[in-house]
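[1] just the structure for this:
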Amino acid sequence: MKIHHFGFAVENIEKAINDFKEIFGFEKEKEIVKDKIQGVRIAFLRDFDKKVKIELLEPLDKSSPVYGKKGLLHICFQAKNFEETYKLLRERGFLPVKNPEKAEAIKGGKVSFFYSKEYGLIEIVEIIDES
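    Numbering: from 1, shown residues only. Okay, the predicted model is just below:
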């Protein structure tokens, strides 16, 4: 597996995009996606040398899982085999927070979140197409 991105919960996604650009030199990868399944607006940004990707998550409303949260939220790993990784995490004691769901921001690939007392919130992602 490899790290896919670091997820940050934000109150205002446009302000966060601007701050990450002006302060840290990040550039927006693509347009903001409204993901009704996940209950968030999502923007992916990359650093100047394209080695680090971050995900900004703004809640759509009070029912969003990121409502009221701010800052670093999770680390996401790209799974070579999503189902095997999901099973392995469960076997190792990671608690599923959400069952696998399709995510609009990654072209319908599946995502799932796990919690570990030792490591916090972890996301795994299935990449359908990186283009």
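[2] for residue 22, what are phi and psi?
    Per-residue torsions, residue 22: phi -70, psi -40 (degrees, to the nearest 10).
[3] adjacent strands (with direction) for the host helix or strand of residue 74?
    Element membership of residue 74, judged by DSSP states H and E, is strand 71-78. Strands that pair with strand 71-78, judged by DSSP bridges, come out as strand 2-9 (antiparallel), strand 120-125 (parallel).
[4] got these as JSON lines, with distance to residue 32 columns?
    Bear in mind the C-beta positions are built from the backbone N, C-alpha and C, glycine included. Compiled in JSON lines, those are given as follows (distance: least, C-beta to C-beta, whole Å):
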{"stretch": "strand 2-9", "distance to residue 32": "14"}
{"stretch": "strand 120-125", "distance to residue 32": "18"}
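[5] dump those into TSV; add mean pLDDT, distance to residue 31 and mean neighbour count as well.
    Output for the strands paired with strand 71-78, formatted as TSV (pLDDT from 0 to 100; distance: least, C-beta to C-beta, whole Å; neighbours: other C-beta atoms under 10 Å):
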stretch	mean pLDDT	distance to residue 31	mean neighbour count
strand 2-9	95	17	17
strand 120-125	96	19	18
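[6] of these, which is nearest residue 85?
    Residue 85 lies closest, by C-beta to C-beta, to one member of the strands paired with strand 71-78: strand 120-125, at 5.4 Å.
[7] kindly export the closest one (C-alpha atoms) in PDB.
    Taking Å, rounded to 0.1, in the frame of the first residue of the first chain, the C-alpha atoms of strand 120-125 are listed here in PDB:
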ATOM      1  CA  GLY A 120      -6.600   7.000  14.800                       C
ATOM      2  CA  LEU A 121      -8.800   7.300  11.700                       C
ATOM      3  CA  ILE A 122      -7.500   5.500   8.600                       C
ATOM      4  CA  GLU A 123      -9.100   5.400   5.200                       C
ATOM      5  CA  ILE A 124      -8.600   2.900   2.400                       C
ATOM      6  CA  VAL A 125      -9.300   3.700  -1.100                       C
END
